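In: below is the structure, and that's it, no one-letter string:
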């Protein structure tokens, strides 16, 4: 059964700043896959992201960005869109 996709304000604000249409399309395509395939993201997440968003997060790389999200029983919570080079 598909999970419900929930988008955090932080992700929505970051997404509003993305201009290349091809990057936006790629992000939208990945988001559309998450409800049925929440395990597609990697659990190999940098410590700085775990410190900021908590344990159990996953990541999906898109161009020079990383989508950070968490999976629970009923939801996929999309937490952030982080510019890759800014991840310490």
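Out: Done, it's in. Quick caveat: nothing in here was measured; it's all calculated off a predicted structure.

In: alpha carbons only for contacts and neighbour counts from here, please
Out: Fine.

In: show residues contacting the strand or helix carrying residue 28.
Out: According to DSSP states H and E, residue 28 maps onto helix 21-33. With contact meaning C-alpha atoms under 8 Å, 6 or more residues apart in numbering, helix 21-33 is reached by 15, 18, 62, 63.

In: and the helix or strand just after that helix, what's buried?
Out: Using DSSP H and E, the helix or strand that follows helix 21-33 in sequence is helix 47-53. For helix 47-53, a neighbour-count test (16 or more other C-alpha atoms under 10 Å) marks residue 49 as buried.

In: dump the residue contacts of residue 11.
Out: For residue 11, the contacting residues are 78, 79, 80, 81, by C-alpha under 8 Å, 6+ apart.

In: low-confidence regions, the protein specifically.
Out: Confidence mapping of the chain against pLDDT under 70 gives the ranges 88.

In: before we move on, the earlier item: and the contacts of residue 11 as TSV, adding secondary structure, neighbour count and distance to residue 71?
Out: As requested, these are exported to TSV (DSSP: H, G, I helix; E, B strand; the rest coil; neighbours: other C-alpha atoms under 10 Å; distance: C-alpha to C-alpha, whole Å):
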residue	secondary structure	neighbour count	distance to residue 71
78	strand	24	9
79	strand	20	11
80	strand	23	14
81	strand	23	16
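
In: just put those residues in TSV and tack on distance to residue 67.
Out: TSV is the format used below for those (distance: C-alpha to C-alpha, whole Å):
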residue	distance to residue 67
78	7
79	8
80	6
81	5
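
In: centroid-nearest residue for this protein?
Out: By C-alpha atoms, centre = their mean, the chain has its centre lying nearest to residue 67, at 2.5 Å.

In: what secondary structure does that one sit in?
Out: Secondary structure state of residue 67, per DSSP: H, G, I helix; E, B strand; the rest coil, is strand.
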